[in-house]
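Novice: just coords:
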């Protein structure tokens, strides 16, 4: 939750953004740039070139076995991974060095308390560490849960005093190679590596736009130098939180607090792929009973894409009907600049979740026709070279 | 003709007993590119302050209120035919929304003149730009309380 009552925190790179826009807004307790050139031009730039996002409000951290743990390699990793697996349903022990996995913190009822990324560092010297990034609005809750569940067995070190930059788009790889290190272009999607550049940076090939790209954790004292070097590249423009939201919506990705919440299960959210076989068989994660029941028998409701048949956007809270009966609700919605059409994500009763199903959206008291469609709305462009 | 403005950023310009109504240049700039608008049909009547129209950009939906009571005699055909760009191009001219036949022009007395409106806009906290448009449904719906999300997620790469 945002730190209530206090005025929003300034980002370490505040001056760089303020020189380029005055459109800021309080977001999860941080004063964030919302828009630069305009939401639609920024959105389209990111899909065609490379957009630079400051996401330093989020919650990066390192989770590590105590010093002197005496374990090495896989053994150290399995130990630290087993601790975090108390909170999440993904197979973290099974991560290879340098691999990143998307998962969720679940509650005993099988609902989602947050979605997050967990990475196993590539460097042998970091065996027994995990790099974990959680949502801005949930970070205090998440860190408290992790510490409570693993007290005395591992240490959580917050890294949200550093800067987290996302470089996203089809030319992100060329920019990263030119500005940071040519090796970045060779990283596979959903991998992590540290580089001795701009101080010492932790880079994941990942993002939240559906595009290829990187997320870069950099110390605050080196962040301006890196940011200015990236912004000086002709392929790069700064992008605000507004376009970050429209990009993730087109990519069909969940926004916590909207498309995911403590009542939604990962199965309902169409995230069954995040729960690997080993964990399904062990049934040892919070909420396993409901989640595995839904995994086997199907959930009562499902997250789907929805395309209104006309031009009116259907935003969060719009109710979804079928033959006059309420069957669901929109959890996020807006406008797709790429499709030049309104798009929504919502939950509907499983009987009506099939692609192509005609539904009605109740917008300002008027029923409007819409169609259940596949997610993502715009294909993902992640970098996954074919295995030899 | 002089315009008068509401604190919700509608403008109204009176010509005899016909009031032309639209949204201000400030409102159009804050909204960004309009992607949808819904205008009332001729013949509908509104009281001052009623919901009268809707204008949406990629980031938010905003209600447009009747700045003065009256009956719609004409809605902007260009906007009705989904040529929304005119709202961004000329919000205080060709991008007008509706013409209202009014009964009581004294209702205009409660609205701001140009100088007062300019001062009012200057005083708005720029960071609150999502909220600057009264009636905006956007801020929570648009981006939520978590601000983007986990670092590197992406579909199914496990």
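Specialist: It's in. Every value quoted in this text rests on a predicted model; they were computed, and no experiment measured them. Residues are numbered from 1 along each chain as shown, chains lettered A, B, ... in the order given.

Novice: Now residue A:25: closest residue in space, sequence neighbours ignored.
Specialist: Counting by CB to CB, 6 or more residues apart in numbering or on different chains, residue A:25 lies nearest to residue A:34, which is 4.7 Å off, once chain neighbours are set aside. Using the backbone N, CA and C atoms, a C-beta is placed for each residue, glycine as well.

Novice: go on, residue A:53?
Specialist: If you skip the residues right next to it in sequence, residue A:53 has residue A:166 as its closest partner in space, 4.1 Å away by CB to CB, 6+ apart.

Novice: Settle this for me: that neighbour is touching residue A:207, isn't it.
Specialist: Yes: contact status for residue A:166 versus residue A:207: in contact at 5.5 Å, counting by CB atoms under 8 Å.

Novice: More neighbours: these two, which one.
Specialist: Taking neighbours as other CB atoms under 10 Å in any protein chain shown, residue A:166 and residue A:207 compare with residue A:207 leading, 34 against 27.

Novice: Is the nearest residue in space to the more buried one that is not next to it in sequence bridged to anything, and to what?
Specialist: Here the nearest residue to residue A:207 in space, its sequence neighbours aside, is residue A:213; by CB to CB, 6+ apart that works out to 4.1 Å. Here residue A:213 sits in beta bridges with residue A:168, going by DSSP bridges.

Novice: burial measure for residue A:213, as a count.
Specialist: Residue crowding around residue A:213 was assessed by other CB under 10 Å; the count is 33.

Novice: phi, psi of the residue nearest to residue A:53?
Specialist: phi -110, psi 130 (degrees, to the nearest 10).

Novice: what sits against it?
Specialist: Residue A:166 sits next to A:51-53, A:55, A:207-209, A:213-216 when contact means CB atoms under 8 Å, 6 or more residues apart in numbering or on different chains.

Novice: same thing but 10 Å
Specialist: Residue A:166 is in contact with A:46, A:51-55, A:58, A:172, A:204, A:206-209, A:211, A:213-216, A:239, A:244, B:148, B:151-152, counting by CB atoms under 10 Å, 6 or more residues apart in numbering or on different chains.

Novice: Now, of the residues you listed, which are buried?
Specialist: Among those, those classed as buried by neighbour count (16 or more other CB atoms under 10 Å in any protein chain shown) are A:46, A:51-55, A:58, A:172, A:204, A:206-209, A:211, A:213-216, A:239, A:244, B:148, B:151-152.

Novice: Now the stretch 51-200 of chain A against chain B: closest residue?
Specialist: Among residues of the stretch 51-200 of chain A, the one nearest chain B by CB to the nearest CB turns out to be residue A:133. It sits 3.3 Å away.

Novice: any idea how far that residue is from residue B:96?
Specialist: Distance of residue A:133 to residue B:96, given as CB to CB, to the nearest Å: 48 Å.

Novice: What is the neighbour count of residue B:82?
Specialist: Counted with other CB under 10 Å, residue B:82 comes out at 11.

Novice: element containing it?
Specialist: Secondary structure assigned from DSSP states H and E places residue B:82 in neither a helix nor a strand.

Novice: Give me the nearest residue to it, chain neighbours excluded.
Specialist: Nearest in space to residue B:82, with sequence neighbours left out and distances taken as CB to CB, 6+ apart, is residue A:311 at 6.3 Å.

Novice: same check, this time on residue A:21
Specialist: The shortest distance from residue A:21 to any non-neighbouring residue, by CB to CB, 6+ apart, is to residue A:36 (4.7 Å).

Novice: Can you tell me which residues in the stretch 51-200 of chain A are near chain B?
Specialist: For the stretch 51-200 of chain A, the residues in contact with chain B under the definition CB under 10 Å from any CB of the partner chain are A:53, A:55, A:57-60, A:90-91, A:94-95, A:99-104, A:114-119, A:131-139, A:164, A:166, A:188-192.

Novice: from the residues you listed, which ones fall inside strands?
Specialist: With strands taken from DSSP state E, the overlap with these comprises A:53, A:59-60, A:100-104, A:114-119, A:131-134, A:164, A:166, A:192.

Novice: ok, of the residues you listed, which come out buried?
Specialist: Buried subset of these (neighbour count, 16+ other CB under 10 Å): A:53, A:59-60, A:100-104, A:114-119, A:131-134, A:164, A:166, A:192.

Novice: Show me where chain B has its helices.
Specialist: Listed in chain order, the helices of chain B (DSSP state H) span residues B:25-31, B:77-80, B:85-89, B:114-122, B:138-143.

Novice: Distance from the longest one to the middle of the chain?
Specialist: If I follow you right, that is helix B:114-122. Helix B:114-122 has its average C-alpha position 16 Å from the chain's average C-alpha position, going by CA atoms, centre = their mean, to the nearest Å.

Novice: Check the first one too.
Specialist: Relative to its parent chain, helix B:25-31 has a centroid offset of 8 Å by CA atoms, centre = their mean.

Novice: try the second one
Specialist: Computed by CA atoms, centre = their mean, the chain-centroid distance of helix B:77-80 equals 15 Å.

Novice: Next one: residue B:145, what pLDDT does it get?
Specialist: What the model reports for residue B:145 is a pLDDT of 34.

Novice: for chain A, which spans come out with low pLDDT?
Specialist: Along chain A, the parts satisfying pLDDT under 70 run over A:1-5, A:386-388.

Novice: Check it for its longest strand and report it.
Specialist: Within chain A, and with DSSP E defining each element, the longest strand by residue count is strand A:325-336.

Novice: when you scan that strand, is anything in it near chain B?
Specialist: Yes: using CB under 10 Å from any CB, strand A:325-336 comes into contact with chain B via A:330-336.

Novice: Name the nearest of these relative to residue B:42.
Specialist: Of all those, residue A:335 has the smallest distance to residue B:42: 27.9 Å, by CB to CB.

Novice: quick one, what contacts the closest one?
Specialist: With contacts defined as CB under 10 Å, 6+ apart, the neighbours of residue A:335 are A:39-40, A:43, A:246, A:249-250, A:311, A:313, A:315, A:341-343, B:33-36, B:56-59.

Novice: May I have the beta-bridge partners of it?
Specialist: When bridges are assigned using DSSP bridges, the partners listed for residue A:335 are residue A:342.

Novice: Just want to check the distance between it and residue A:278.
Specialist: In this structure, residue A:335 and residue A:278 are separated by 41 Å, where distance is defined by CB to CB.

Novice: just residue B:37 next, same as before
Specialist: When CB to CB is the yardstick, residue B:37 and residue A:278 sit 53 Å from each other.

Novice: what about the two, which has more around it?
Specialist: Between residue B:37 and residue A:278, counting by other CB under 10 Å, residue B:37 is the more crowded of the two (25 against 14).

Novice: residues contacting the residue lying closest to the more buried one once chain neighbours are set aside?
Specialist: Taking CB to CB, 6+ apart as the measure, residue B:37 lies nearest to residue B:55, with 4.7 Å between them; neighbours along the chain are not counted. Neighbour list for residue B:55: B:22-23, B:27-28, B:31, B:34-39, B:61-64, B:79, B:84, B:87, B:91, B:95, B:97, B:133, B:135 [criterion: CB under 10 Å, 6+ apart].

Novice: 7 Å - rerun?
Specialist: Residues near residue B:55 by CB atoms under 7 Å, 6 or more residues apart in numbering or on different chains: B:23, B:31, B:34, B:37, B:62, B:64, B:87.
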